[in-house]
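S.K.: Need a 3D model of the following:
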Amino acid sequence: MRAKKSYGQHFLTNEHYARQIAHSLQLTEAYDYVLEVGPGQGMLTKHLLERSEDFTLTVSEADQDMVAYLEEHYPEISDRIVPGDFLQLDLRRCFDGQPFGLIGNYPYNISSQILFKMLDNYALIPEMSGMFQKEVADRVLAPHGSKTYGIVGVLVQIRYTCSLVLNVGRGNFNPPPRVESAVIRLVRREEPLVPDERWGLAKHIVKSAFGMRRKMLRNSLKSCFPAEVLAEDFFERRPEQVSINDFVDLAMRAELS
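M.R.: Residues are numbered from 1 along each chain as shown. As a prediction, the model looks like this:
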């Protein structure tokens with residue numbers, strides 16, 4: 001069965017890496033369920049099923065051909081295959097509101113959208129791990145001051161701590177992607193750096209700042225702060241010079257100004 005470009009499919013062929021990814025979920029005492037996104041031919045699935053004592057596995061697959069393949073080759077999960085687009089899935093209904101781990105060799109064409117969906121449902125997801133295009137993984141892990149520091153990294157780091165599990169070369173896939181890949185692990189913070197009621201405000205500030213990346217905050221955040229606040233020296237910075245904690249402070253101040 002051939003990979004389909006329309007689904008961003010590149011099948012991992014390295015068994016050792018597949019097992020490492022499956023075992024990168026470590027907080028299994030915090031949840032009883034795991035949702036795998038884009039299982040394809042089940043390279044990761046079979047290693048996750050080996051951990052059946054740790055959690056119950058459900059998979060989300062958009063490609064109907066792959067759904068049929070999984071039903072044939074992994075009949076033990078045939079009643080736990082959720083067909084359709086993961087981005088349209090109501091995660092609150094997947095496990096009756098119970099927490100779950102999120103994992104996958106994520107389709108590269110929607111990987112950033114998957115991260116944003118995770119963030120909007122973070123109360124349900126204590127832990128996430130899986131394969132991303134290395135460029136996306138680098139953005140998630142990026143410290144302030146780096147060229148890859150941006151919207152996705154700041155927002156993810158407000159709600160999760162992030163670590164690199166391993167880098168994966170193109171030769172470990174069929175067909176080989178044009179880019180390098182990396183596996184990362186995200187662990188939900190005990191308390192998010194920005195409280196839930198200010199999350200929308202934090203997103204607006206971060207997106208406004210990096211939407212005008214070459215501009216000083218004084219110009220990019222006009223919609224968020226009054227002129228007397230924007231006159232402060234701090235707002236002469238550009239967004240890559242603003243730390244995660246600085247963005248948290250901005251989110252807290254904006255509502256009060």
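S.K.: quick check: domain ranges of the chain?
M.R.: The chain breaks down by automatic domain parsing into domains covering 5-188, 196-256.
S.K.: so which of the ones you listed is the most packed in?
M.R.: Among these, ranked by average contacts under mean count of other Cβ atoms under 10 Å, first place goes to domain 5-188 (a mean of 18). C-beta coordinates here come from the backbone N, C-alpha and C atoms, glycine included.
S.K.: Redo the domains of the chain as JSON lines? Include mean pLDDT.
M.R.: Listed next are those as JSON lines, based on pLDDT from 0 to 100:
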{"stretch": "domain 5-188", "mean pLDDT": "94"}
{"stretch": "domain 196-256", "mean pLDDT": "94"}
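S.K.: what's the spacing between Met118 and Leu91?
M.R.: According to Cβ to Cβ, to the nearest Å, Met118 and Leu91 sit 9 Å apart.
S.K.: which residues do those two both contact?
M.R.: Shared contacts of Met118 and Leu91, defined by Cβ atoms under 8 Å, 6 or more residues apart in numbering, comprise Ile125.
S.K.: Doesn't Leu35 belong to a helix?
M.R.: No. Read with DSSP: H, G, I helix; E, B strand; the rest coil, Leu35 is strand and lies in no helix.
S.K.: residues touching it, list them.
M.R.: Leu35 neighbours (Cβ under 8 Å, 6+ apart): Thr58, Val59, Ser60, Leu91, Cys94, Phe95, Phe100, Gly101, Leu102, Ile103.
S.K.: Kindly report the same for Arg19.
M.R.: When contacts are counted by Cβ under 8 Å, 6+ apart, Arg19 touches His47.
S.K.: Skip the chain neighbours and tell me the closest residue to Glu180.
M.R.: Leaving aside its chain neighbours, Glu180 sits nearest to Lys134 (4.1 Å; criterion: Cβ to Cβ, 6 or more residues apart in numbering).
S.K.: Kindly report the same for Val152.
M.R.: Excluding the flanking residues, the one nearest Val152 by Cβ to Cβ, 6+ apart is Arg139, at 5.1 Å.
S.K.: Same question for Val168.
M.R.: Spatial nearest neighbour of Val168, excluding adjacent residues (Cβ to Cβ, 6+ apart): Ser181 at 4.3 Å.
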